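Next comes the sequence, and after it the predicted model I'd like to discuss.
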Amino acid sequence: MNYTIRYSDEVLDDFRDISLLITNEFGMPQTAFKYLRGLKEKINSLEKYPTMYAIQTDKYIVQNFGWNMRRLNYKKVSVIYTIIDNEVWIIRAVWAYSIR
């Protein structure tokens, strides 16, 4: 069974912020493009295997994102997502170090 990937408005803003940071702060627009491409490829792997990552019970994740959230890591970014029926909802993409 293939799942459909859906993106929240907040995660689209997160992608933009990540790209702007890499482009503007580090002066590396090509790196920003490659980073986001790799991040989205990793997210797309959830189409087939969204349950490969465990439901998070970490207090920070539950308090900030809710129950039944899962966490996929890509380099220094954690992607928070949930599964609803046959859809994978990508909720946020945050710097991994911000999750305590």
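Perfect, I can see it now. All values derive from a computational prediction rather than experimental measurement.

For stretch 18-29, measure first residue to last.
Stretch 18-29 has an end-to-end distance of 11 Å (criterion: CA to CA, to the nearest Å).

What residues sit buried inside it?
Across stretch 18-29, burial judged by 16 or more other CB atoms under 10 Å covers I18, S19, I22. Every C-beta, even on glycine, is put in place using the N, C-alpha and C of the backbone.

Now render the residues you listed as CSV, adding pLDDT and secondary structure.
Formatted as CSV, the buried residues of stretch 18-29 follow (pLDDT from 0 to 100; DSSP: H, G, I helix; E, B strand; the rest coil):
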residue, pLDDT, secondary structure
I18, 96, helix
S19, 96, helix
I22, 94, helix
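
Give the residue farthest from the middle of this structure.
G27 (23.2 Å; CA atoms, centre = their mean).

Now do that one, the pLDDT please.
Confidence at G27, expressed as pLDDT, is 93.

so what's it up against?
If you count contacts by CB atoms under 8 Å, 6 or more residues apart in numbering, G27 has none.
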